[in-house]
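Engineer: Sequence isn't available, so here's the structure alone:
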């Protein structure tokens, strides 16, 4: 049965309160990229201004190569959560799982003590038994680091078969972002969280929260995360609009659920302040 009563009420309240209250609420963006092309167009100071303007309290950021994310972190270490990217260039996405040097590179980087997670890594079912991938899972487990992974369901099964308690963030709600499938995986794997970046059109067609997605989120309020996913410089160009789109459908959720998605779930994963207003 659809959970509609709160949904309808929230949609009505959105018309009145969206501009004044939702815009003011701090967000924790869990999926940002700051790579070479981005750094050539936007300085670290520019990025922080964008975060300020959109009231992004914290941002989990990766880079390609990772040195650019480090530059951003160095500019605002209290604001940026560093995710260790394993790609030097775009083509690495398709063959990194065959690169036997990757695990040692990760272990060397982790000695710096600045990394709070690993990813985003892209891997699909045909490569799920890669020894390199297995070792990356082991390293993440050994260091208790969340793994941001762009993958299909078979890969998620593989990860948890090797490390049942690893904190996994499933980018974009997976390759097949269907509410019933996502629900099944959340019920099966307790330490799985779902990143909703780049799924706004599915979650809220024409801006209105879809009933199935509403029910999924309300039934699993502790398991979802938000992110713009600046996978290209064009997403930084449109950052304000992307955040506005997220806030629009987010405002249609019950307040207690909205706060969890907006900030608290990510704060728990990355062990930062549980009160966003304490740092603003």
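Structural biologist: Yep, it's here. The structure displayed is predicted, hence computed values, not measured ones.
Engineer: so after the lowest-mean-pLDDT helix or strand in the chain, what's the next helix or strand?
Structural biologist: Least confident helix or strand of the chain, by mean pLDDT, DSSP states H and E, is helix 5-17 with a mean of 46. Proceeding N to C from helix 5-17, the next assigned helix or strand is strand 27-33, under DSSP states H and E.
Engineer: Show me where the stretch 51-200 of the chain has its strands.
Structural biologist: For the stretch 51-200 of the chain, applying DSSP state E, counting those that start in this stretch gives strands covering 56-62, 80-84, 117-123, 147-151, 168-170, 192-195.
Engineer: Okay, angle between the third one and strand 80-84 too, please.
Structural biologist: By that I understand strand 117-123. For strand 117-123 against strand 80-84, the angle by axes from the mean of the first three to the mean of the last three Cα atoms, to 10 degrees is 50 degrees.
Engineer: Could you tell me which residues within the host helix or strand of residue 242 count as buried?
Structural biologist: Using DSSP H and E, residue 242 falls within helix 239-250. Residues of helix 239-250 classed as buried by neighbour count (16 or more other Cβ atoms under 10 Å): 239, 242, 243, 245, 246, 247, 248, 249, 250. C-beta here means a position set from N, CA and C on the backbone, and glycine is covered the same way.
Engineer: Dump the residues you listed to a markdown table, plus distance to residue 166 and pLDDT.
Structural biologist: Listed next are those as a markdown table, based on distance: Cβ to Cβ, whole Å; pLDDT from 0 to 100:
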| residue | distance to residue 166 | pLDDT |
| --- | --- | --- |
| 239 | 31 | 98 |
| 242 | 29 | 98 |
| 243 | 30 | 97 |
| 245 | 31 | 97 |
| 246 | 27 | 97 |
| 247 | 31 | 97 |
| 248 | 33 | 96 |
| 249 | 29 | 97 |
| 250 | 27 | 97 |
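Engineer: Tell me which two of these sit farthest apart.
Structural biologist: Spanning the widest gap among the buried residues of helix 239-250 are 239 and 249, at 17.0 Å by Cβ to Cβ.
Engineer: Just the element for residue 268, please.
Structural biologist: Here residue 268 is assigned to helix 265-270, by DSSP H and E.
Engineer: average model confidence for that helix?
Structural biologist: Averaged over helix 265-270, pLDDT sits at 98.
Engineer: Ok, stretch 181-188 next?
Structural biologist: Taken as a whole, stretch 181-188 has a mean pLDDT of 98.
Engineer: just stretch 147-163 next, same as before
Structural biologist: The average of the pLDDT scores along stretch 147-163 is 98.
Engineer: In that stretch, which residues are buried?
Structural biologist: The neighbour-count check on stretch 147-163 (16+ other Cβ under 10 Å) flags 147-153, 155-160, 163 as buried.
Engineer: can you redo the residues you listed as JSON lines with distance to residue 71?
Structural biologist: Below are the buried residues of stretch 147-163 laid out as JSON lines (distance: Cβ to Cβ, whole Å):
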{"residue": "147", "distance to residue 71": "23"}
{"residue": "148", "distance to residue 71": "20"}
{"residue": "149", "distance to residue 71": "25"}
{"residue": "150", "distance to residue 71": "24"}
{"residue": "151", "distance to residue 71": "28"}
{"residue": "152", "distance to residue 71": "33"}
{"residue": "153", "distance to residue 71": "35"}
{"residue": "155", "distance to residue 71": "31"}
{"residue": "156", "distance to residue 71": "32"}
{"residue": "157", "distance to residue 71": "37"}
{"residue": "158", "distance to residue 71": "34"}
{"residue": "159", "distance to residue 71": "30"}
{"residue": "160", "distance to residue 71": "34"}
{"residue": "163", "distance to residue 71": "31"}
